[in-house]
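In: What would the 3D arrangement of this be:
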Amino acid sequence: LDNKVMFFGALNGVVIVFCLETFQVLSELTVISGKIFAISQIDDQEIVINGADGCLSLCQFDTATRSITQVRQGVLPESKQRWFASAKKWQEYVVIGDRMGGVHIFLHSTMELVESFKKLHGRNGVTDIKCSRNFFLTCGRDGTVRTFYLSNGSVQEMSCFQVGVDWIAKSLDASGRHLILFHGSKMLVKDVRENRMLAEVECGGGHRSWDIRVGQSCGSIIYIKDKKVYSHGFHVQQDVPSFSATHSQIINNVTHLRIGLESFFATGSEDTQIHLYNFNASDGNVQTQACLRGHLSSVKCLANVQVSSTETLLISGGGRAQLKVWSLSKSSVQGHEDDATGQIVFRDLCEHVLHGNDKAVRQPWRQAQSQVRRDPETRLMSLAVRKETHDKLTIYVGCSDSVLRIYSYDCVAKNLNLEEELQFQENCILGTKLFTCHATELLAVITTSGFLHLLMQCSIQNGYSLRNDPISKVKLHQSGINSIDIRNDENESVVVTGGDDCAIVVCRITAVEEDINVSVVWREDRAHAAQLTTVLFLGTSLLSMSVDQRICIWKKKEMFEEQEKDHDTTVYQADEIKCSNIADIHSACLIESDHLLCVGIGIELFQLNTQD
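Out: Next up is the predicted model:
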């Protein structure tokens, strides 16, 4: 207690208060009958004592008289090893983690059990609990860090992620960013947000008494080995400047989003992780805010929708046919650095995974051909999100098995359901884009066959659906179309596409009564030396990016045709070419209309001259 007082629990149920300054016993109190299995300080002046049969005793320490008083009692749930490994006070609750991996929530005023999560961290138990103002996290010897929050009077799990090592001994901060791990005979200090080791000490493993102190540049550990006390100092690696905490593998996608009034962007990678960055447009400063873990395979696509002034939903899809919905929000209390992940609260709301048939189904061949055979190895390649009402979303997902799947998400019940499966072509869907043309809701779909498909939305009883047959199908590229962007003008919609044939194509979509017409207005077959990965509209100009590491700006010029006096021809000319440091650009997005963010094997940020 304040590094001045130490509590000892004896075999006969006596608690001894020992002064570290004078090395004298201050007081003794018999709290329980029998052996004291565990004792922990939960507050500045409160301790919890664990006796036989799960008996808990909450005691208060008087700093003036240097004595302890028993306040109230409670009981742990039944288990094989019925004593706790860690205990902390959080808001009006006492959080206890037991030796069997369970996390139990007691009401502080009565020590009554109100919530219990049994065997959450496995049979090796909970090792540490850290509390902040809005939530708390638990660490265990199952290699997971779990975060909990209070919702409608009930404690619920907010997130869970693996750190790569089974034995998590301690968290150095309330955000769970810096962890103490044991792997074999070594103790590791790891920054899980940046996924790098800060220090490594040979100490013989975690089966011993130990304590650690870590500073900004150095630290020290004290431990017992072979009946001797050892003290060992070590150096801590400094932060890596410029885009620290990037992914360990190729970044597939990036999306720009807002949480409240602040600007962020999220990246999804082949390493199954999603990183969230805060972007300051005034000085171009980028800071890592959170790392979202939970995907089974690579993250192929990202989309977001702002549901309130304080909350944004992030939808992610990827391998193993996995679709996840995350909640991102700002912490309600400002100025507290311990409010995990840099004041950003993220929750794993729900997910959906396709399950295949384990057994062959005997059906007539016509009926079998008309049904979609679900493959659990399907990759979700693209996302398009429509906000139907304030509490319902429709998610259009393009898949590698040529199927367009339609999901519905209920913001209140937090349920993600597969509503419909459309198979109107036979190639992998690489992109989907929602847009409006003459008050007609359309969905643009691009595939590996080089076709652009337009599907019309139709209203149904529970929301919106799509007509199974495309209203338009146009061959734009020789091979796959990798990217699409759409700009809505007054009487038409302009579409730009880039594909594997190194070409850029600009189309005009017009609606005449119920007919949708698609006409190619400009085409450049040799826009780049390699396949294009991203095309974007920048006002009336175009941005194109390719594997050849070139970023091109194409400016629009109107040319009048002499033969047809009533028509004009749209021509785009390359105005500026920039060479990127990203070896393989996979995706890009515009941030605040004056910054361009490119991702691939790394991240690169460009500032655009909006005056030109």
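
In: can you give me the helices for the chain?
Out: 340-343, 365-370 (DSSP state H).

In: mind listing what residue 310 touches?
Out: Shown in contact with residue 310 (Cβ atoms under 8 Å, 6 or more residues apart in numbering): 259, 260, 329, 330. The way it works is simple: take the backbone N, C-alpha and C, and place the C-beta from them, glycine included.

In: between those residues, which has the most around it?
Out: Within the contacts of residue 310, neighbour counts (other Cβ atoms under 10 Å) peak at residue 259, which reaches 24 neighbours.

In: In contact with that residue, which residues?
Out: Taking Cβ under 8 Å, 6+ apart, we find residue 259 in contact with 310, 311, 312, 328, 329, 330, 344.

In: Specify which member of these is nearest to residue 390.
Out: Residue 390 lies nearest to residue 311 out of these, by Cβ to Cβ, at 11.7 Å.

In: Can you tell me how far that closest one is from residue 137?
Out: 21 Å (Cβ to Cβ, to the nearest Å).

In: Of those two, which one has the most company?
Out: When residue 311 and residue 137 are compared for neighbours, residue 137 comes out ahead with 23 against 16, by other Cβ under 10 Å.

In: pretty sure the more buried one contacts residue 144?
Out: No. With contact defined as Cβ atoms under 8 Å, residue 137 does not count as touching residue 144 (10.2 Å).

In: Point out where the stretch 351-500 of the chain drops to low pLDDT.
Out: 356-373, 458-465 (pLDDT under 70).

In: Show me where it has its strands.
Out: Taking DSSP state E, counting those that start in this stretch, the strands of the stretch 351-500 of the chain run over residues 380-389, 392-399, 404-410, 415-422, 429-437, 440-447, 451-460, 463-466, 472-475, 481-488, 493-499.

In: Over to the stretch 151-300 of the chain?
Out: 154-162, 167-171, 178-183, 186-191, 196-202, 210-214, 218-225, 228-235, 251-259, 262-269, 273-280, 285-293, 299-306.

In: quick one, the first one and strand 285-293 angle?
Out: In other words, strand 154-162. 100 degrees (axes from the mean of the first three to the mean of the last three Cα atoms, to 10 degrees).

In: now swap in the second one and tell me
Out: Inter-element angle recorded for strand 167-171 and strand 285-293: 140 degrees (by the same axes, to 10 degrees).

In: what are the pairing partners of strand 167-171, and which direction each?
Out: strand 178-183 (antiparallel) (DSSP bridges).

In: Go through the partner strand and flag the buried ones.
Out: Using 16 or more other Cβ atoms under 10 Å as the test for burial, strand 178-183 gives 178, 179, 180, 181, 182.

In: Residue 407 is in contact with residue 351, isn't it?
Out: No. Under the criterion of Cβ under 8 Å, residue 407 is not in contact with residue 351, lying 10.9 Å apart.

In: Now do stretch 574-590, average pLDDT.
Out: Mean pLDDT, computed over stretch 574-590, is 90.

In: start the count at 39, not 1, going forward
Out: Shifting the count to begin at 39 puts that one at stretch 612-628.

In: Contacts made by that stretch with the rest, please.
Out: So stretch 612-628 is contacted by 288-294, 303, 571-572, 574, 576, 579, 581, 583-585, 587-593, 634-642, 644 (Cβ under 8 Å, 6+ apart).

In: who touches residue 51 in this structure?
Out: Applying Cβ under 8 Å, 6+ apart, we find residue 51 in contact with 68, 69, 70, 71, 72, 73, 74, 89.

In: mind redoing it with 10 Å?
Out: When contacts are counted by Cβ atoms under 10 Å, 6 or more residues apart in numbering, residue 51 touches 67-74, 87, 89-90, 93, 95.

In: so which of those comes closest to residue 559?
Out: Proximity of the contacts of residue 51 to residue 559 (Cβ to Cβ) peaks at residue 87, which lies at 79.0 Å.

In: For that closest one, which residues are in contact?
Out: Going by Cβ under 10 Å, 6+ apart, residue 87 touches 45, 47, 51, 53, 67, 69-70, 74-78, 93-97, 106, 108, 111, 122, 125.

In: Which of the residues you listed fall in strands?
Out: Using DSSP state E, the subset of the contacts of residue 87 located in strands is 45, 47, 53, 67, 76-78, 93-97, 106, 108, 111, 122, 125.

In: which residues does residue 260 form a beta bridge with?
Out: Note on residue 260: beta-bridge partners by DSSP bridges are residue 249, residue 269.

In: does it really touch residue 239, like I thought?
Out: No. Under the criterion of Cβ atoms under 10 Å, residue 260 makes no contact with residue 239, lying 11.0 Å away.

In: Which of these two has more residues huddled nearby?
Out: For residue 260 versus residue 239, the count of surrounding residues by other Cβ under 10 Å is larger for residue 239: 18 against 14.

In: Could you double-check that that one sits in contact with residue 261?
Out: Yes. Using Cβ under 10 Å, residue 239 is in contact with residue 261, at 9.0 Å.

In: so where's this protein uncertain?
Out: 39-41, 276-283, 369-381, 394-411, 496-503, 551-552, 596-606, 648-650.

In: need the strands for the stretch 39-188 of the chain, in chain order.
Out: Secondary structure of the stretch 39-188 of the chain (DSSP E, counting those that start in this stretch): strands at 43-47, 52-57, 62-68, 76-79, 84-88, 93-100, 105-113, 122-128, 131-136, 141-145, 150-155, 164-169, 173-178, 182-189.

In: Nearest to residue 451, out of the ones you listed?
Out: With Cβ to Cβ as the criterion, residue 451 lies closest to strand 182-189 of the strands of the stretch 39-188 of the chain, at 13.5 Å.

In: mind checking the end-to-end distance for stretch 315-333?
Out: Stretch 315-333 has an end-to-end distance of 19 Å (Cα to Cα, to the nearest Å).

In: Oops, could you answer that again for stretch 569-582 instead?
Out: Note: stretch 569-582 ends 11 Å apart using Cα to Cα.

In: Same question for stretch 635-644.
Out: Per Cα to Cα, stretch 635-644 runs 6 Å from first to last residue.

In: and it, which residues are buried?
Out: 635, 636, 637, 638, 640, 641, 642, 644.

In: what bridges to the third one?
Out: Spelled out, it's residue 637. residue 625, residue 641.

In: wait, it sits on residue 287?
Out: No. The pair residue 637 / residue 287 is not scored as a contact, 11.8 Å apart, by Cβ under 10 Å.

In: so what sits against both of those two?
Out: Common neighbours of residue 637 and residue 287 are listed as residue 307 (criterion: Cβ under 10 Å, 6+ apart).

In: measure the residue lying closest to residue 563 once chain neighbours are set aside to residue 569 for me?
Out: Of all residues not flanking residue 563 in the chain, residue 541 sits nearest, at 4.7 Å (Cβ to Cβ, 6 or more residues apart in numbering). Note on residue 541: its distance to residue 569, by Cβ to Cβ, is 10 Å.

In: between the two, who's got more neighbours?
Out: Using other Cβ under 10 Å, the more surrounded residue of residue 541 and residue 569 is residue 541, with 22 against 17.

In: isn't that one right next to residue 521, touching?
Out: No. With contact defined as Cβ under 10 Å, residue 541 does not count as touching residue 521 (11.9 Å).

In: which neighbours do these two share?
Out: With Cβ under 10 Å, 6+ apart as the test, residue 541 and residue 521 both reach 535, 570.

In: Now do the end-to-end distance for stretch 304-312.
Out: Using Cα to Cα, one end of stretch 304-312 lies 7 Å from the other.

In: Centre of the chain to that stretch, how far?
Out: How far stretch 304-312 lies from its chain's middle: 8 Å, per Cα atoms, centre = their mean, to the nearest Å.

In: can you check stretch 201-217 too?
Out: 18 Å.

In: which parts of that stretch are buried?
Out: By neighbour count on 16+ other Cβ under 10 Å, the buried set for stretch 201-217 is 201, 203-210, 212-217.

In: Can you give me every residue that contacts the spatially most central residue of the chain?
Out: Central residue of the chain (Cα atoms, centre = their mean): residue 330, 2.6 Å from the mean position. Neighbouring residues of residue 330 by Cβ under 10 Å, 6+ apart: 197, 199, 304, 306, 310-314, 337, 352, 354, 362, 364, 366, 379, 384-386.
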